[in-house]
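Got a predicted structure here, sequence first:
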Amino acid sequence: MPQIKVKIYRFDPSKDTEGTLREYTVDVADGARVLHVLHAVHEQDPDLAYRYCCGTGQCGSCALQVNGVPVLACFHEATDGMVLRPLNLPVQKDLVVDMGPALASIASLVPGPGRDLPRKREIDAIKPLRSCIECLACVSICPAMEVAEFTGPTAMRQEMRLALDPRDTRDRIPQAIQEGLFTCTTCQYCWKVCPKDIQIPGKAIEKLRAIANRQGLTLPRHQEIAQIIRETGRSVPRTQPTFLEQVGGTIEPYGEVKATVGFFVGCMYNLRLPRTALDALEVLRRNGVRLIIPPEQICCGSPLIRTGQVAAIPEIQEKNIRAFVSRGVDTVLTMCAGCGSTLKNDYRTPFRVVDINELLCSIGIEMPDILPVRAAYHDPCHLLRGQGIRDQPRQILGTVVNEVVELPVKCCGAGGGTRSGMPQVSHALAGKKAEEISKTGVDVVVTSCPFCEFHIREHSDRPVQNITSILLEGYRAKDARCSKEN
Amino acid sequence: MQFIYVRIEPTLYKMRGDEGLKSHVLIVGSGGAGVRAALEAAKYGDVIITSKSIPGKGGCTPMAEGGYNAVLRSQDSCVLHSEDTFRGGAYLNDPALVEVLVRESPDRLNDLVRWGAVFDFTEEDTVAQRSFGGQRFPRTCYAGDRTGHEVMMTLLEQLRTSDVQVLSEVTVISLLAEENRVTGAYALTRDGNPVTIRADSTVLATGGGSQIYDISTNSATGTGDGYALGYRAGAELIDMEMVQFHPTGAVYPYDARGRLITEAVRGEGGILTNARGERFMERYDPERMELSTRDVVARAIATEVLEGRGTARGGVYLDVTHLPARQIEEKLPVMLEQFLRFGVDIRSEPMEVAPTAHHFMGGLRITPDCTTTVPGLFACGEAAGGLHGANRLGGNALAETQVFGKRAGESAGKSRKRTDSLPRKAIAVQEERLSAYRSGIENPVKIRRDLRLAMWEGAGIFRTAPELETTLEKVDALAARPLKAYAVSTLAECCTVENMCLVASLVVRSALLRTESRGAHVRTDIKQPWDAATSPFGHTYMSVKRAGIERSGCADAAD
Ligand SMILES: Cc1cc2nc3c(=O)[nH]c(=O)nc-3n(C[C@H](O)[C@H](O)[C@H](O)COP(=O)(O)OP(=O)(O)OC[C@H]3O[C@@H](n4cnc5c(N)ncnc54)[C@H](O)[C@@H]3O)c2cc1C
Ligand code: SF4
Ligand code: SF4
């Protein structure tokens, strides 16, 4: 029988002004879940309030935070030393939160006479959105809900489910827009915490935005972006010599070739941050990567997909895929988190797609000199959740700075078209991010996404650097030291 | 219209003063039966639905996996469905209830479909059906293996747009009765504050009580409250000994033992083998094999384990690894996901299973209009008895919630409006009961654990009179222990444990009364010359006033 120590958040609104963590030690059986630990604690301390019903992940009563991450207590395996807190929703007592308002905001099908039954095709489309158990894990972490009038992920899931159903008599789009459809930053956090693995941003929010687009309800700022992509193949205007104008064809590494990859540069690095891309190029060359850079590559289409303007997507995808396939490339490298996530998740590519952090870690990097700085690492949503890349950038950063400081994992607000379409939402989120950064007192914020880099720089009082730029700085410091030593 | 979502705060309750809440119809329980009843009753007047849990989250309806039985195809017929139901139920079923079920189940399914239920469809764009144990036609409609969840979500959507007033996390601890007529209920909020609700008619839709067993598939709310509430209010219960043990419950992890492995696993082609690798159903029902009725399969597995052919953890194997991975992913997604969480990939490894307490076939005696033997009180869903006889067919319970939920709502809605005053005496009795818990001594958690173990050991799949007698003594002794409420918020828990003790004693006493083996009830100490079809016995019945067993064909036999 394993013994488990657990800290549990206790708060009784009739007595306490704020919650405290209380520690318990209990005996449970092998393979026990968090819920079974709670049962054991309850036996010691009958006043502990927690919710549960079915015990099998089907009723959505028992969601709570284990070590800061929302999970179902009945499913999540208990671990020694875990800390249990309620979901980030108004607390009624201890681990029990007020689920009422969020549940009440989930829309209902409005049946009408003479409506057709759905076809199997439609049923199959609805099904992936239907397994929601209304646990509110997603609602508890949605960054957009914190700063905007937004009914939240599962309400959007339901609006899409209804929009797909011929039995429903309502036009769901105006409603969804009113409920905050365009405030979502597509940070994917809701999907990653969903115990039912419901891909709300991709399968509901972007799809609702696509229907809105067909109804002519796309935000004007988003339409402008679509227009510039149509006209130039790029999502940002040219204001300086682009990366692709400066380099092209095949770039050989300095030493032995460890990998050969196609390089997908992306609009932000090509047009707005070409310097950063050149830094990355330098880092890659030092680490034995041969780059094949097709000049005809265009925008990956992410700004269009995220905002529901998908008509031109097949053509864009075809063009990009052809650019690399025609050069016999079997691996394509991205350094923009958004492009990487799009190529991996929204494309069906005949080649492998790797992120720059992934690639560098897999081939092993030349060690830089350690810079005398404390750096906070900001996880780009489209890298962490879009591509599941968490450890690699931390490893790389660890080789080049004195100390890596963790930040609360939270969207900076740049994504999903909110920066252009809903600037006040995007601004508010970045403000929160900037506050978190200031609190840490770090010298520099490091990230690996041009959108995050640009957006945080605008809001934070600390300098923001791309991970490859800081690595290059480490290399330069090393070069300087070596040349001095020689 | 708007979803009225009421949490009763102490202040709100005080604001309403001593008079409490009042409505035409009060529904107790927000599972499939309760919500269906509320939607129907709302056509006739104001309705309050109260639930121990957040609406739709408690109860077994959202957990139901396999499906919903309805005759939809021309090759199938109501006669066939009813024959299957009788045969499965060992001919103990109440014919009038069976008749209503098979006739109305398709219409109620259509209600759900109209309201947006997303059942699986065939290539021809019609509701798909699959095979379930003990049925000669594949008549079980399904939504993957989350059928009950689908039903519940569909009903909740309609509830949210109805005028029904929803009391969330408000536990009924007693019915209020005056002159043998139920006039409402006395309840506690999550924080332990009392609420009285008066109603012209009250519907019990509190679900089953399999939580009185150590190993159970049921939701935490499956504590049999409705049986206890009804019994104390004078209603008659029937066939309380008829507890269905589902053949396939999980055995690991220990703390989640009993978790249901849906019958759909066998419906899709799953195979049962013992630790020696033998497909043992050949010995118990060579014709129907794994798709035999639940009582037969449960006994087969229990026998294999008892006779030493089980796994180290006391189960047998249920194997789908011969099925295409796609089929498993599409048809059994919940199973796949649950087992993956516990470290087993059912696409490549067998599951380990053993029987688990699952369903109460018995319950309040009702007419097809869902009236009970007490005026003003109605019952539907698993709280009611008689429909399933001695053994329920998979897929008939979800259908029951809809068919009889609607009927209960309609009957209750149509009942006469009354102007009863607050039954102060009954309320005072409850206040006294609650204050007694302050001076109790026993932790309800401990009594509950002992009770569940006693029931599993002495009133489980195989029963004998001496074991049942011993169990009854244990249960009575536990019931006599004064429970302690350590905090106001645990008052309801004390009431629940008290209910569980009462329900357990009803089960054991009924099991002693039925001196035969029939369906789910197996008395190994009795040899009988008859089979189910020729049994001389009818329902067992039990009320505050009388208890006994009917002789076949004379339903109203006195004690
Ligand atoms: C795991 C599992 C799988 C199943 N699969 C199937 C299947 O595939 N097909 C099938 O036909 N049947 C199946 N069944 C059986 C079926 O689900 C149930 O019989 C049926 O759902 C019962 O519905 P109900 O509305 O009567 O009660 P429930 O759904 O159990 O609801 C009871 C409600 O009463 C409330 N309640 C209880 N006590 C109180 C109180 N004191 N005060 C206030 N409220 C109270 C609860 O909170 C809950 O809301 C399954 C059962 C289980 C456990
Ligand atoms: S993707 Fe992020 S912002 Fe959008 S709904 Fe999900 S959690 Fe909220
Ligand atoms: S979408 Fe997922 S996380 Fe959100 S409420 Fe539904 S089940 Fe929970």
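Perfect, thanks for sending it. Ligands and ions are numbered 1, 2, ... in the order given.

CA only for contacts and neighbour counts going forward, please
Will do.

Residues of chain A that sit close to ligand 2?
Residues of chain A that fall close to ligand 2, judged by C-alpha under 6 Å from any ligand atom: A:142-144, A:152-153, A:184-190, A:201.

From those, which land in helices?
A:P143, A:A144, A:P153, A:Y189, A:C190 (DSSP state H).

What is the nearest of those to B:I366?
Using C-alpha to C-alpha, A:P153 comes nearest to B:I366 of those, at 43.7 Å.

Hmm, B:P253 and B:F342 touching each other?
Yes. Using C-alpha atoms under 8 Å, B:F342 is in contact with B:P253, at 7.4 Å.

Identify the residues contacting the closest residue to chain B within the stretch 151-300 of chain A.
Residue of the stretch 151-300 of chain A nearest chain B, by C-alpha to the nearest C-alpha: A:R167 (6.5 Å). Residues in contact with A:R167 (C-alpha atoms under 8 Å, 6 or more residues apart in numbering or on different chains) are A:L109, A:V110, A:P111, A:G112, A:R115, A:D116, A:L117, A:P118, B:R114, B:W115, B:G116.

A helix includes the first one, no?
It stands for A:L109. No. Looking at A:L109 with DSSP: H, G, I helix; E, B strand; the rest coil, it is coil, so not inside a helix.

tell me the contacts of the nearest residue to B:A465 once chain neighbours are set aside?
Spatial nearest neighbour of B:A465, excluding adjacent residues (C-alpha to C-alpha, 6 or more residues apart in numbering or on different chains): B:L512 at 6.2 Å. By C-alpha under 8 Å, 6+ apart, the contact list for B:L512 reads B:A465, B:L468, B:E469.

how near is the last one to B:T496?
From B:E469 over to B:T496 the distance is 24 Å, taken as C-alpha to C-alpha, to the nearest Å.

ok, these two, which is more surrounded?
B:T496 (22 against 17; other C-alpha atoms under 10 Å in any protein chain shown).

So the helix or strand that contains the more buried one, near ligand 1 or not?
Assigned by DSSP states H and E, B:T496 belongs to helix B:491-513. No. With C-alpha under 6 Å from any ligand atom as the threshold, helix B:491-513 lies outside contact range of ligand 1, at a closest distance of 7.3 Å.

residue contacts, the most centrally placed residue in chain B?
By C-alpha atoms, centre = their mean, chain B has its centre lying nearest to B:G208, at 2.8 Å. By C-alpha under 8 Å, 6+ apart, the contact list for B:G208 reads B:G222, B:T223, B:G224, B:G226, B:H359, B:F360, B:E382, B:A383.

Name the nearest residue to the last one, ignoring sequence neighbours.
Looking back up the chat, that one is B:A383. B:G207 (4.8 Å).

tell me the mean pLDDT for the helix or strand where B:E157 lies?
Secondary structure assignment for B:E157, by DSSP H and E: helix B:147-160. What helix B:147-160 shows for mean pLDDT is 97.

Quickly check: that helix near ligand 3 or not.
No. Using C-alpha under 6 Å from any ligand atom, helix B:147-160 never reaches ligand 3; the gap is at least 11.6 Å.

And that helix, how far out from the chain middle?
18 Å (C-alpha atoms, centre = their mean, to the nearest Å).

Which other helices and strands does it contact?
Packed against helix B:147-160 by the contact rule (3 or more C-alpha pairs under 8 Å, 6 or more residues apart in numbering or on different chains; DSSP states H and E) you find helix B:32-41, helix B:95-114.

for the shortest one, packing partners?
Packing partners of helix B:32-41 (3+ C-alpha pairs under 8 Å, 6+ apart): strand B:21-28, strand B:47-51, helix B:147-160, helix B:396-414.

Looking at the stretch 251-400 of chain A, what residue ends up closest to ligand 3?
Nearest to ligand 3, among the residues of the stretch 251-400 of chain A, is A:R385, at 14.9 Å (C-alpha to the nearest ligand atom).

And for that residue, the neighbour number?
18.

residues in contact with it?
Going by C-alpha under 8 Å, 6+ apart, A:R385 touches A:C187, A:Q188, A:Y189, A:K192.

filter those residues down to the ones close to ligand 1.
Of the contacts of A:R385, not one also sits near ligand 1 (C-alpha under 6 Å from any ligand atom).

What mean pLDDT does the helix or strand A:K7 falls within get?
Using DSSP H and E, A:K7 maps to strand A:3-10. In this model, strand A:3-10 has a mean pLDDT of 97.

all strands of the stretch 151-300 of chain B, in order?
Counting by DSSP state E, counting those that start in this stretch, the stretch 151-300 of chain B has strands at residues B:165-168, B:170-178, B:181-189, B:194-204, B:237-238, B:243-250, B:271-273.

How about the residues of the stretch 401-550 of chain B by chain A?
B:N443, B:V445, B:Y486, B:A487, B:S489, B:T490 (C-alpha under 8 Å from any C-alpha of the partner chain).

What pLDDT is listed against the closest residue to chain B within the stretch 251-400 of chain A?
Nearest residue of the stretch 251-400 of chain A to chain B: A:G388, at 19.4 Å (C-alpha to the nearest C-alpha). A:G388 carries a pLDDT score of 96 in this model.

With that, I have no additional questions.
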